[in-house]
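> Would you be able to build a 3D model of this:
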Amino acid sequence: MLNLLIIIQARMTSTRLPKKVLLPLCGKTVLEVMIERLGDLKENIIIATTNDGSEAEIVTLCQKLGVKYYRGDTENVLSRYYEAAMIQGVDEVDTIVRLTSDCPLIDKAVVEKTIALFYDGEYDYVSNTMHRTFPRGLDTEVFSFRVLKEAYDGATSIQEKEHVTTYIHTTHREHFNLGSYQDPQDNSKYRLTLDEEADYTAIKTLYEKFNCKIDFDYDALIKVLHANPFIYEINKEIEQKKL
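Numbers count the residues shown, from 1 in each chain. Predicted structure coming up:
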């Protein structure tokens, strides 16, 4: 896709599960699996990592995979996104997709359909998280660089700077035309993101059900979850970090 930049934030300093993005998964790393699941969107990806000295292994992986990367502020992730986009020479009308590197079950078709809604509806911001129906771990946010710049210029709080899009969908939502992409079936109870050891166990168990095949689609994922309710039980008690 032209004029599209997928920025994936990645760091090594997670407090709950250190170095989680490079944990082994199906003979690869978590981040590598995530990138592979995005297929030909790989050409649009830039990994926004940190500049605190801990990021060397992430940079090495990016170089090995031929994926662009940018080192930026560890805590001010909003500035990291803005600067990563700027070095790519984006224009105001270019489209930014925000993904996070702890989502090795990200679905390419879900990402593309979220992007399509953004284009078709002439929105400022579209996500599949505002009215959650998809499992946590398939999170996709889409917005223009113009909107990212507005957030970067206007953000003042720690929350707005750490969580990138809080300025857009929460603290200044009245200024933006927001769109929500939703699954007709509510599968929001499933937790497929990687924050704690139990998440890692659940994700590895899921991949074992696919014999470590990586290119399954969303429908196949949901069928396996429905057929194996014990997977949901593995990490259902973990609470998502509050914004």
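
> Torsion angles phi and psi at the spatially most central residue of the chain?
The C-alpha lying nearest the average C-alpha coordinate of the chain belongs to residue 99 (Cα atoms, centre = their mean; 2.1 Å). Main-chain dihedrals, residue 99, degrees, to the nearest 10: phi -130, psi 160.

> Kindly state the beta-bridge partners for it.
Residue 99 has these beta-bridge partners by DSSP bridges: residue 8.

> where's it relative to residue 231, distance?
Relative to residue 231, residue 99 is positioned 23 Å away (Cβ to Cβ, to the nearest Å). Quick note: C-beta positions are derived from backbone N, CA and C, even for glycine.

> Repeat that for residue 90.
Note on residue 90: its distance to residue 231, by Cβ to Cβ, is 39 Å.

> starting at the chain centroid, how far to stretch 211-228?
Averaged C-alpha coordinates place stretch 211-228 at 19 Å from its chain's average position (Cα atoms, centre = their mean, to the nearest Å).

> Determine how far the last residue of that stretch lies from the first.
In stretch 211-228, first residue to last residue: 15 Å (Cα to Cα, to the nearest Å).

> repeat for stretch 22-41
End to end - Cα to Cα - stretch 22-41 spans 21 Å.

> With adjacent residues omitted, what lies nearest to residue 70?
In space, not counting the residues next to it along the chain, residue 70 is nearest to residue 84; the distance is 4.0 Å by Cβ to Cβ, 6 or more residues apart in numbering.

> Can you give the contact residues for the helix or strand hosting that neighbour?
Using DSSP states H and E, the element containing residue 84 is helix 77-86. Under the contact criterion Cβ atoms under 8 Å, 6 or more residues apart in numbering, helix 77-86 has outside partners 5, 7, 9, 46, 48, 50, 70, 72-73, 94, 96, 98, 145, 148-149, 151-152, 155, 160-164, 167.

> if we can go back for a sec, so what's the residue nearest to the centre of the chain up against?
Listed by Cβ under 8 Å, 6+ apart, the contact partners of residue 99 are 6, 7, 8, 9, 34, 106, 111, 139, 140, 141.

> count of neighbours near residue 84?
Neighbour count of residue 84, defined by other Cβ atoms under 10 Å: 24.

> ok, now residue 52?
Neighbours of residue 52 under the rule other Cβ under 10 Å: 14.

> Okay, the residue nearest to residue 70 and residue 160: tell me how far apart.
17 Å.

> rewinding a little: could you check the pLDDT of the residue nearest to the centre of the chain?
With respect to pLDDT, residue 99 scores 98.

> where's it relative to residue 93, distance?
Distance, residue 99 to residue 93, using Cβ to Cβ: 21 Å.

> what's the answer for residue 47, then?
Going from residue 47 to residue 93 by Cβ to Cβ gives 24 Å.

> who's more crowded, the two?
residue 47 (25 against 9).

> for this structure, which spans come out with low pLDDT?
Within the chain, the stretches with pLDDT under 70 are 1-2, 241-243.

> can you rerun that using 80?
Applying pLDDT under 80 to the chain flags the ranges 1-2, 240-243.

> where do the helices sit along it?
30-37, 56-65, 77-86, 108-121, 145-154, 158-162, 166, 197-209, 218-227, 229-235 (DSSP state H).

> With distance to residue 190 added, can I get these in a markdown table?
Shown next, in a markdown table, are the helices of the chain (distance: least, Cβ to Cβ, whole Å):
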| stretch | distance to residue 190 |
| --- | --- |
| helix 30-37 | 16 |
| helix 56-65 | 27 |
| helix 77-86 | 25 |
| helix 108-121 | 13 |
| helix 145-154 | 29 |
| helix 158-162 | 25 |
| helix 166 | 24 |
| helix 197-209 | 9 |
| helix 218-227 | 6 |
| helix 229-235 | 6 |
